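>>> With the sequence up front, the predicted model follows.
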Amino acid sequence: MKEFDFLPEWYKGGRRRQISWRAQYVALAGIFVVMLVWNFIAGHSVSKATGQLAEITSKQTEARSASSEFDIIKSRAEQLRVKANILKEIDSKIDVASVLGELSFLIDRTIALKEVDFKAERFGEVQGTATGRGSMVRAANSSFGKKQTRSFGDVRFKIVINGIAVDASEVAELVCKLEDSPYFRQVYPSFSRNTEVKTTVGPVTESYKVSEFEIVCYLANYREEQKT
């Protein structure tokens, strides 16, 4: 049987154009949806990357600040270390309180001190430059009484005591006490002379005869060895 197509060509062409347009519309709609999804994903990625960049920038700023503070602290620590070394070098390491306590124990109430002076002397200044046989001064760790002291290095300490006493016998007794004390050595009086001291109480002025003295001794923080 032979089939006959009674549809006109213009109708068929219009029908094909409508189908083509619909396909194009569907494709464009798909592309638009894909673009929306892509823009959403890209925007989220950009926002996340921006946040991460801000966080990294903040951490870098904190790291630079911490590094600057560390450099400042390091510089201060170095300055303190230098100062500590200087203090260590100039520190005499004398237990002054113990020495003064020993003096207070040895000195009677009949003696009044004017001045107690500590002077550091280098051993070379004491023994001179002579060579050969003789005594050699060497620092030593010794003890004052029952207390342990530290080494004083290459210096020894001379103590000059100035004061007044009731009479010369009190000065001689003080010299003997200093010689017997484990704190001191090489005790000798520089001078002892009679003088007058005037005191005024209200309208009354009285004069007293006293003995003015000066005693020199050394701290017993070193020992002498014979050099051969």
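Nice, I can see it.

>>> longest helix of this structure?
Taking DSSP state H as the criterion, the chain has its longest helix at helix 9-90.

>>> roughly how far out does it sit from the chain middle?
Its chain's C-alpha centre and that of helix 9-90 lie 46 Å apart, by Cα atoms, centre = their mean, to the nearest Å.

>>> Compute the first-to-last residue distance for stretch 195-206.
14 Å (Cα to Cα, to the nearest Å).

>>> tell me the average confidence for it?
Averaged over stretch 195-206, pLDDT sits at 79.

>>> Local confidence estimate at residue 210?
On the pLDDT scale, residue 210 gets 88.

>>> What's the local residue count around it?
Using other Cβ atoms under 10 Å, residue 210 has 21 other residues around it. The C-beta positions use only the backbone N, C-alpha and C, and glycine is treated the same way.

>>> and it, what element?
Remark: residue 210 resides in strand 204-219, with elements defined by DSSP states H and E.

>>> does the residue nearest to residue 100 when sequence neighbours are not counted have beta-bridge partners, and which?
Residue nearest to residue 100 in three dimensions, not counting chain neighbours: residue 116, with 7.2 Å by Cβ to Cβ, 6 or more residues apart in numbering. For residue 116, the beta-bridge partners under DSSP bridges are residue 161.

>>> Quick one: residues contacting residue 116.
Neighbour list for residue 116: 100, 103, 159, 160, 161, 162 [criterion: Cβ atoms under 8 Å, 6 or more residues apart in numbering].

>>> Spatially nearest residue to the second one, not counting backbone neighbours?
Leaving aside its sequence neighbours, residue 103 sits nearest to residue 116 (Cβ to Cβ, 6+ apart; 6.8 Å).

>>> counting residues per strand, which one in this structure is longest?
Secondary structure assigned by DSSP state E gives strand 184-201 as the longest strand of the chain.

>>> Now do the buried residues in that strand.
For strand 184-201, the neighbour count (16 or more other Cβ atoms under 10 Å) marks 184, 185, 187, 189, 192 as buried.

>>> again, but for stretch 55-62
Buried residues in stretch 55-62 (16+ other Cβ under 10 Å): none.

>>> Count the residues that sit near residue 102.
Neighbours around residue 102, by other Cβ under 10 Å: 19.
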